[in-house]
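Colleague: Pasting the sequence and the predicted coordinates here, then a few questions.
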Amino acid sequence: MTAEQIRRDELRGWLDGIAAFNATPGEGITRGVYTPEFEDARRYVIGEMKKLGLTVREDCLGNIFGEYPGTDPNAAPVWTGSHIDTVPNGGKYDGLAGVFAGLEAVAAMRRAGVRPKRTISVNVYAGEEMSRFGVCCIGSRGLSGRLSLTDLKNHADPSGTSLYDALKNLGYAPEDFDQTFPHKAPIHASLELHIEQNDKLEKAGVPVGIVTGICAPTNMICEVDGVQSHAGGTSMTDRRDAYMAAAEMALLLEELANTSTSDYITGTIGEITLTPGAANVIPGKAVFTVDIRSVSAEDKDELVENLRAGMRAIAERRGVDGTLTPLNNDAPLRCDAHLSAVLREQADALDIPHMDLISGPYHDSLMLGDLAPAAMVFIPCEKGISHDRAENIDDDDLVKGTAVLAEALAKIADE
Ligand code: GLV
Ligand code: MN
Ligand code: MN
């Protein structure tokens, strides 16, 4: 499929159409997993899949599979797709670009009369963002065998609703989890298109990135227990201020990431809650999230160990208690060399410039790499901005990325 065979207007229509399902109109897109907006967006995608003639399946986590049947029903399928949930006040393209690129790729094949041997399934993986339940890639994690029924019961959102109850309340059947995911599905290959979420492609003026490795997150919750007391009445030397200890821990994380010799490593504290949370009260408790990413599992483990030791020392010196609870510790993924080579070949054949990249953000492909050889195509996003309402793309790049994806899918589905 050449770029001319990809329908730019249809892609734009889908991206704009799904943006209507949003809890924060005018303030970016907020579509948390298993919320009413998420359910509406799922129904929208299922409707569009049906219009394209795809066979739609769903599972008990809310993953959607839109299948373009191959000529050999016994051949393991090829998967593509991404996610439709967003971070709070996020953008229109993170995840969405990959879902609609997948849909247009199979639609273009059908229009061109291309029907490969293997079924190509355009998938929507439920809950890639960790913003609501503190765990990322819920749907693809389930598919890859990295999630258990106990995890569904243990992970809860800030209001205390567990993943299990959220699913149950929406009419899914989480009690079927152990029957739905006893074995890993036999998948031939997985290809995902995604916006880059960095500015390397834009700076280089290159429309397509071939991802060689995906950094994986290690997520933890840190709880610091100090002593609540009067902001004016407690002199500086007598305090056991939970926030000041947390702040020192945060700066330690930054220093460890800055001084690591890793190829790529990041440390982030994105959320903090102070209790009781009043201007004239020294906080007795601080709870904050920790997010550490690297393309090397060893470098990440080393940073986590140094962080633990450093936090213990800070807590001791400041007379507070600190506990660090792991939420997930995922292994980074090296993308499949053969699939990446096919992507490069197809981009060359279409005369579309491309370059290799490492992904700092995680993606559903990180999980899918457990099931099958996996690779990713990136397209640029404006100024590298993502997880923000200012997220933007050039539709020409999406068309080019979709053409490369379509050609690679057709090729790999005929292997
Ligand atoms: C995915 O959105 C990430 O946080 O990397
Ligand atoms: Mn994201
Ligand atoms: Mn994403």
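Modeller: Thanks, I have it. Ligands and ions are numbered 1, 2, ... in the order given.
Colleague: pLDDT score for the residue nearest to Leu274 when sequence neighbours are not counted?
Modeller: Closest residue to Leu274 apart from its sequence neighbours, by Cβ to Cβ, 6 or more residues apart in numbering: Pro283 at 4.1 Å. All C-beta atoms are positioned from the backbone trio N, CA, C, and that covers glycine. The confidence metric pLDDT takes the value 98 at Pro283.
Colleague: okay, now Pro276: neighbour count?
Modeller: Other residues near Pro276 come to 10 when the count uses other Cβ atoms under 10 Å.
Colleague: which one is the residue of the chain found nearest ligand 1 nearest to, not counting chain neighbours?
Modeller: When distances are taken as Cβ to the nearest ligand atom, the chain reaches nearest to ligand 1 at Pro361, 3.1 Å away. Nearest residue to Pro361, sequence neighbours excluded (Cβ to Cβ, 6+ apart): Gln197, at 4.9 Å.
Colleague: host element of that neighbour?
Modeller: In this structure, Gln197 sits in neither a helix nor a strand according to DSSP states H and E.
Colleague: other SSEs contacting the worst-scoring helix or strand of the chain on mean pLDDT?
Modeller: Each helix and strand of the chain was given a mean pLDDT (mean pLDDT, DSSP states H and E); the minimum falls on helix 177-180 at a mean of 85. If you count contacts as 3 or more Cβ pairs under 8 Å, 6 or more residues apart in numbering; DSSP states H and E, helix 177-180 packs onto helix 149-154.
Colleague: How about the helix it packs on, which residues are buried there?
Modeller: Residues of helix 149-154 classed as buried by neighbour count (16 or more other Cβ atoms under 10 Å): Asp151, Leu152.
Colleague: Please export the C-alpha coordinates of that helix as PDB.
Modeller: C-alpha atoms of helix 149-154 as PDB (Å, rounded to 0.1, in the frame of the first residue of the first chain):
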ATOM      1  CA  LEU A 149      -6.900 -12.600  39.400                       C
ATOM      2  CA  THR A 150      -5.200 -11.600  42.700                       C
ATOM      3  CA  ASP A 151      -3.700  -8.500  41.000                       C
ATOM      4  CA  LEU A 152      -7.200  -7.500  39.800                       C
ATOM      5  CA  LYS A 153      -8.400  -7.600  43.300                       C
ATOM      6  CA  ASN A 154      -5.300  -5.800  44.800                       C
END
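Colleague: could you measure Lys200 against ligand 3, distance?
Modeller: 17 Å (Cβ to the ion, to the nearest Å).
Colleague: for that residue, what are its contacts?
Modeller: By Cβ atoms under 8 Å, 6 or more residues apart in numbering, the residues touching Lys200 are Gly209, Met355, Leu357, Gly384.
Colleague: at 6 Å instead, please
Modeller: The neighbours of Lys200, taking Cβ atoms under 6 Å, 6 or more residues apart in numbering as the test, are Leu357.
Colleague: same thing with Val87?
Modeller: Residues in contact with Val87 (Cβ under 6 Å, 6+ apart) are Glu129, Ser131, His387.
Colleague: If I follow the layout properly, the first one ends up in contact with Ile84?
Modeller: No - contact criterion Cβ atoms under 6 Å: Glu129 and Ile84 do not qualify, at 10.2 Å.
Colleague: Among these two, which residue is more densely surrounded?
Modeller: Ile84 (27 against 22).
Colleague: May I have the helix or strand where Gly13 lies as PDB, with CA atoms only?
Modeller: Assigned by DSSP H and E, Gly13 belongs to helix 8-18. Only the C-alpha atoms of helix 8-18 are listed here, as PDB (Å, rounded to 0.1, in the frame of the first residue of the first chain):
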ATOM      1  CA  ARG A   8      -6.000  10.700   5.300                       C
ATOM      2  CA  ASP A   9      -9.600  12.000   5.800                       C
ATOM      3  CA  GLU A  10     -10.800   8.800   7.300                       C
ATOM      4  CA  LEU A  11      -7.900   8.700   9.800                       C
ATOM      5  CA  ARG A  12      -8.600  12.300  10.700                       C
ATOM      6  CA  GLY A  13     -12.300  11.600  11.100                       C
ATOM      7  CA  TRP A  14     -11.700   8.700  13.500                       C
ATOM      8  CA  LEU A  15      -9.200  10.700  15.600                       C
ATOM      9  CA  ASP A  16     -11.600  13.600  15.800                       C
ATOM     10  CA  GLY A  17     -14.600  11.300  16.300                       C
ATOM     11  CA  ILE A  18     -13.200   9.500  19.300                       C
END
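Colleague: Mind listing residues that contact it?
Modeller: Identification of contacts with helix 8-18 by Cβ under 6 Å, 6+ apart yields Ala41, Tyr44, Lys92, Leu96, Phe100, Glu104, Asp395, Leu398, Val399.
Colleague: again with stretch 265-279
Modeller: Under the criterion Cβ under 6 Å, 6+ apart, residues 243, 250, 253, 257, 283-289, 291-294, 299 lie in contact with stretch 265-279.
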